[in-house]
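Colleague: here is my input, please return the structure:
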Amino acid sequence: MRMKDVRKMERDEKLKKLKELEMELLKLRTKKRSGAGLENPMAIRNIKRDIARIKLALREEGYET
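Modeller: Here you go, the predicted structure:
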């Protein structure tokens, strides 16, 4: 997800996507800690970056998360 795509999203869409990404991150971290291998080891890093991008865009709009 690119920052320009995030900025084009509506606030409700950003909040919904943020919740989805946080749940996906939780699932991946749980899977990793249980000893199961991840298909994509970079997935956690990419999701964390997407979460940060969404939070930044929300802060730019004046919305505190």
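Colleague: show me what counts as buried in the longest helix along the chain.
Modeller: Longest helix in the chain by number of residues, with DSSP state H as the criterion: helix 11-33. Neighbour counts over helix 11-33 (16 or more other C-beta atoms under 10 Å) mark Lys14, Lys17, Leu18, Leu21, Leu25, Leu28 as buried. (Each C-beta comes from the backbone N, C-alpha and C, glycine too.)
Colleague: ditto for stretch 58-65
Modeller: For stretch 58-65, by 16+ other C-beta under 10 Å, it's Leu58.
Colleague: where's that stretch relative to the chain centroid, distance-wise?
Modeller: 15 Å (C-alpha atoms, centre = their mean, to the nearest Å).
Colleague: ditto for stretch 38-55
Modeller: For stretch 38-55, the distance to the chain centre is 6 Å (C-alpha atoms, centre = their mean).
Colleague: and Ala43, how far is that from Glu60?
Modeller: According to C-beta to C-beta, to the nearest Å, Ala43 stands 26 Å off from Glu60.
Colleague: rewinding a little: widest-spaced pair of the buried residues of helix 11-33?
Modeller: Lys14 and Leu28 (20.8 Å; C-beta to C-beta).
Colleague: got CSV for the buried residues of helix 11-33, with distance to Asp50 and pLDDT too?
Modeller: Converted to CSV, those look like this (distance: C-beta to C-beta, whole Å; pLDDT from 0 to 100):
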residue, distance to Asp50, pLDDT
Lys14, 11, 96
Lys17, 8, 97
Leu18, 9, 97
Leu21, 6, 97
Leu25, 9, 97
Leu28, 13, 94
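Colleague: where does the chain have its least confident helix or strand?
Modeller: helix 3-8 (a mean of 93; mean pLDDT, DSSP states H and E).
Colleague: name the helices or strands packed onto it?
Modeller: helix 43-60 (3 or more C-beta pairs under 8 Å, 6 or more residues apart in numbering; DSSP states H and E).
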